[in-house]
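[1] 3D model of this:
(one chain, ligands or ions: 4)
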Amino acid sequence: MTGTTTTAQSVSTLMAEIAAIGTDAARGGYSRPVYSPAELELREWFIAAARRRSLEIETDRNGIIWAWWNPAELPLTDAVVTGSHLDSVPGGGAFDGPLGVASALSAIDILAAQDLAPTRPLALAVFPEEEGSRYGLACLGSQLLTGAVTPERAAALVDADGTSFAELAARNGLDPRHLGRDDERLSRLGCFVELHVEQGRGLVDLDTPVAIGSSILGHGRWRLSFLGQGNHAGTTLMTDRRDPMLAAAATVLEVRRLGRTVDGARATVGKLDPVPGGSNVIASRVDVWLDVRHDDDAVVAALVTDIAAAARERAAAEGCSVTLTEASMSPRVDFDPVLRGRLSTILPDAPILSTGAGHDAGVLKEEIPTAMLFVRNPTGVSHSPEEYVEDPDADAGGHALATVLADLITQ
Ligand code: GLV
Ligand code: MN
Ligand code: MN
Ligand code: MN
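    Ligands and ions are numbered 1, 2, ... in the order given. Coordinates of the predicted model:
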């Protein structure tokens, strides 16, 4: 069976096509928030690339793009799915998300050139707001699809400019009344394999280009809102202040101290918003965003409890108060052992690695067997402009994915 393309387009040439989209001169790297002009341009790029491959494209009611490769015209059920996301963190790297999408397109070319007799359809999927950079809730697209996030909660989320997700969804052709769990869509899916740039040094240390994922740390995000007295920086005596910035700063240090007391924990404050945010204004409120991860969900919960207690103490010492709000919590994920075992049989040289990063494959695991492939990142750095993949490794990843998909769709 042959497709319309005769030569496979390599992952590296696909990545080169999008290298100029969404660059961020101020931060370095890429800023591609969901439904920003950059992310929309990437979605258009994906759709055009999928059309060139004669894939059947649909955008579902949660904004997930599906591109179907079904040369045998099989019923749309028990599909093998691959793909990733095109949104990025602010000032992120080129590969987190797009590498999985480019690899999926390249894999289609490789499959189309083979004489396969598929028994299962194949779908490429692009998930919106995987990073949660715009609305604070990671994997929003897949969490809406599975119902892990209710449509009411999603619709009410507001971005930094005050645009609600409902409004943004409507602006991008979705009906905000039809967001949410999609049983019909889910009933078509059989398994999901997501390829992703590795976000640590595992493959560098192992000196090999591709690994199979085993698990994801339990991870969550919380907002600590410190409330004090907004006031004038020049007229307010140092002894006469209730400055929430000081409570927030002391708490950031506590996050590091407490995080270090727990083996294997990661505790981070990467975002801090003073309100109103003027250099000659003592803030009235400071929001501190906390990210905590560990492979035991109970340890995550205990650590957050300890951090909240420390924050209350620090707030009281400054005459301030503090409230804690959970923005999201994703339990630890172990990828499907049967699917993972199959990947190990297909790619016998690939080592097994766990990750501390969240992925749509972690969310979909609640519905269907999921697995991941990681591709070596020589810098070991991610969510940063320094994230990197060498061209030969990107292409090795594309070939590994194609080998896995060829096996799964002819199973
Ligand atoms: C997303 O990449 C996350 O793990 O925060
Ligand atoms: Mn990612
Ligand atoms: Mn990411
Ligand atoms: Mn992620």
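[2] Are stretch 362-379 and ligand 1 in contact anywhere?
    No: counting by Cβ under 6 Å from any ligand atom, ligand 1 has no neighbours in stretch 362-379; the shortest distance is 9.1 Å. To be clear about C-beta, it is placed using only N, CA and C from the backbone, and glycine gets the same treatment.
[3] wait, what's in contact with the residue nearest to residue 69 when sequence neighbours are not counted?
    With sequence-adjacent residues excluded and distances taken as Cβ to Cβ, 6 or more residues apart in numbering, residue 69 is closest to residue 122, at 4.5 Å. Residue 122 makes contact with 68, 69, 70, 79, 80, 81, 82, 108, 111, 405, 409, according to Cβ atoms under 8 Å, 6 or more residues apart in numbering.
[4] Sketch out the strands for the stretch 251-400 of the chain, chain order is fine.
    Under the criterion DSSP state E, counting those that start in this stretch, the stretch 251-400 of the chain contains strands at 266-275, 281-282, 285-294, 321-330, 333-334, 352-355, 370-375.
[5] Tell me the one among the contacts of residue 122 nearest to ligand 2.
    Distance to ligand 2 across the contacts of residue 122 (Cβ to the ion) is lowest for residue 82, with 14.0 Å.
[6] Wait, a strand at the closest one?
    Yes: counting by DSSP: H, G, I helix; E, B strand; the rest coil, residue 82 is part of a strand.
[7] What's opposite it in the beta bridge?
    With DSSP bridges applied, residue 82 shows beta-bridge pairing to residue 124, residue 193.
[8] In three-state terms, how would the closest residue to residue 55 other than its chain neighbours be classified?
    In space, and not counting its chain neighbours, residue 55 is closest to residue 67: 3.9 Å by Cβ to Cβ, 6+ apart. The three-state assignment at residue 67 reads strand, by three-state DSSP.
[9] Confirm for me that residue 67 is in contact with residue 56.
    Yes: here residue 67 lies in contact with residue 56, judged by Cβ atoms under 8 Å, at a distance of 6.9 Å.
[10] So for these two, which residue has more residues nearby?
    residue 67 (25 against 14; other Cβ atoms under 10 Å).
[11] ok, what's across the strand from that one?
    Beta-bridge partners, per DSSP bridges, of residue 67: residue 57, residue 124.
[12] list the contacts for the closest residue in space to residue 280 that isn't next to it in sequence?
    If the residues on either side of it in the chain are set aside, residue 280 comes closest to residue 233, at 4.4 Å by Cβ to Cβ, 6+ apart. By Cβ under 8 Å, 6+ apart, residue 233 lies in contact with 279, 280, 281, 282.
[13] State the distance from the nearest residue to residue 114 once chain neighbours are set aside to residue 79.
    Excluding the flanking residues, the one nearest residue 114 by Cβ to Cβ, 6+ apart is residue 406, at 6.5 Å. Remark: distance between residue 406 and residue 79 (Cβ to Cβ, to the nearest Å) = 15 Å.
[14] where does the residue of the stretch 151-300 of the chain found nearest ligand 2 fall, helix, sheet strand or coil?
    Residue of the stretch 151-300 of the chain nearest ligand 2, by Cβ to the ion: residue 196 (5.7 Å). Put simply, residue 196 is strand when judged by three-state DSSP.
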